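Participant: how would this look folded up:
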Amino acid sequence: MTKLEELNQLFKDLFNNPDITIEMDSMQGDFPEWDSIGQMDIIRAIEEKYAIDIPFEDQFEMDNVHQIIQVIEKLK
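Facilitator: Presented below is the predicted three-dimensional model:
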């Protein structure tokens, strides 16, 4: 499974919405669940899933799926 596929499932599970489909260019605000609170939930879920700690400065860069994947790969 690719990181995009893994994140797609994470978003579906986290937001309890099987209709969510994310792409590499999907970004915060593209759907209602991904607001500022949702962003914090995403970060927490990614930290748990990948057993990583995302530094505060990297969290600010994670406003689209491509950047989220870059941060995960950097920290793995």
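Participant: tell me the helices in the protein, going along the chain?
Facilitator: For the chain, the helices defined by DSSP state H cover 3-14, 36-50, 56-59, 65-75.
Participant: relative to helix 3-14, how tilted is the longest one?
Facilitator: Direction vectors for helix 36-50 and helix 3-14, defined by axes from the mean of the first three to the mean of the last three C-alpha atoms, to 10 degrees, enclose an angle of 120 degrees.
Participant: hang on, the earlier thing: nearest to residue 25, of the helices of the chain?
Facilitator: Among the helices of the chain, helix 65-75 comes nearest to residue 25, with 6.6 Å by C-beta to C-beta. All C-beta spots, glycine's among them, are computed from the backbone N, C-alpha and C.
Participant: so for the closest one, mean pLDDT?
Facilitator: For helix 65-75, mean pLDDT rounds to 97.
Participant: list the buried ones in that helix?
Facilitator: Residues 65, 68-69, 71-72 are the ones in helix 65-75 that count as buried (16 or more other C-beta atoms under 10 Å).
Participant: grab the nearest non-local neighbour of residue 53.
Facilitator: Spatially, and ignoring its direct neighbours in sequence, residue 53 is nearest to residue 47 (6.2 Å; C-beta to C-beta, 6 or more residues apart in numbering).
Participant: how near is the one you found to residue 59?
Facilitator: Per C-beta to C-beta, to the nearest Å, residue 47 is found 10 Å from residue 59.
Participant: residue contacts, the residue nearest to residue 8 when sequence neighbours are not counted?
Facilitator: Among residues not flanking residue 8 along the chain, residue 22 sits closest, at 5.2 Å (C-beta to C-beta, 6+ apart). With contacts defined as C-beta atoms under 8 Å, 6 or more residues apart in numbering, the neighbours of residue 22 are 4, 7-8, 11, 30, 65.
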